[in-house]
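Trainee: how would this look folded up:
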Amino acid sequence: MMVGRPNAIPGVRCTPPQGGIYAFPNFSEIEPSSQVLFKRALDGGVAIVPGAFFGSLGEGRARLMFAAEREIISQALDRLEAVFK
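Mentor: Residues are numbered from 1 along each chain as shown. Predicted coordinates for the structure are as follows:
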């Protein structure tokens with residue numbers, strides 16, 4: 001769900017995480033600025049961590065945590081889809 005749903009948004013690419021509880025999708029085709037990405041997501045009701053916090057290679061990315069109930073994650077992904085489609 002944390003890879004397939006973001007990948008269904010046109011212009012977003014997400015590879016499977018190698019471990020841990022985070023996905024790191026790339027939104028740079030639709031929003032190259034992590035700061036703007038953060039603001040747009042927050043305006044849509046989803047708190048993300050801007051990828052730029054993790055260095056220059058994270059610009060245009062978001063860190064998404066998936067250590068929550070499936071229903072909560074699904075609602076957050078619904079909101080992200082609504083914001084970025």
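Trainee: Which residue comes closest to the most centrally placed residue in the chain once chain neighbours are left out?
Mentor: The chain has Ala62 as the residue nearest its centroid, 4.4 Å off, counting by C-alpha atoms, centre = their mean. Counting by C-beta to C-beta, 6 or more residues apart in numbering, Ala62 lies nearest to Ile48, which is 4.2 Å off, once chain neighbours are set aside. Using the backbone N, CA and C atoms, a C-beta is placed for each residue, glycine as well.
Trainee: Gly58 now?
Mentor: Using C-beta to C-beta, 6+ apart and skipping the chain neighbours, the partner closest in space to Gly58 is Gly51 (3.2 Å).
Trainee: tell me the contacts of that neighbour?
Mentor: Each residue near Gly51 by C-beta atoms under 8 Å, 6 or more residues apart in numbering is listed here: 24, 34, 37, 58-63.
Trainee: Thr15: which of those residues is nearest?
Mentor: Taking C-beta to C-beta as the measure, Thr15 lies nearest Phe24 of the contacts of Gly51, at 7.9 Å.
Trainee: quick one, what contacts that closest one?
Mentor: By C-beta under 8 Å, 6+ apart, the contact set of Phe24 is 14-15, 17, 51, 54, 58, 61-64.
Trainee: Sweet, I'm off.
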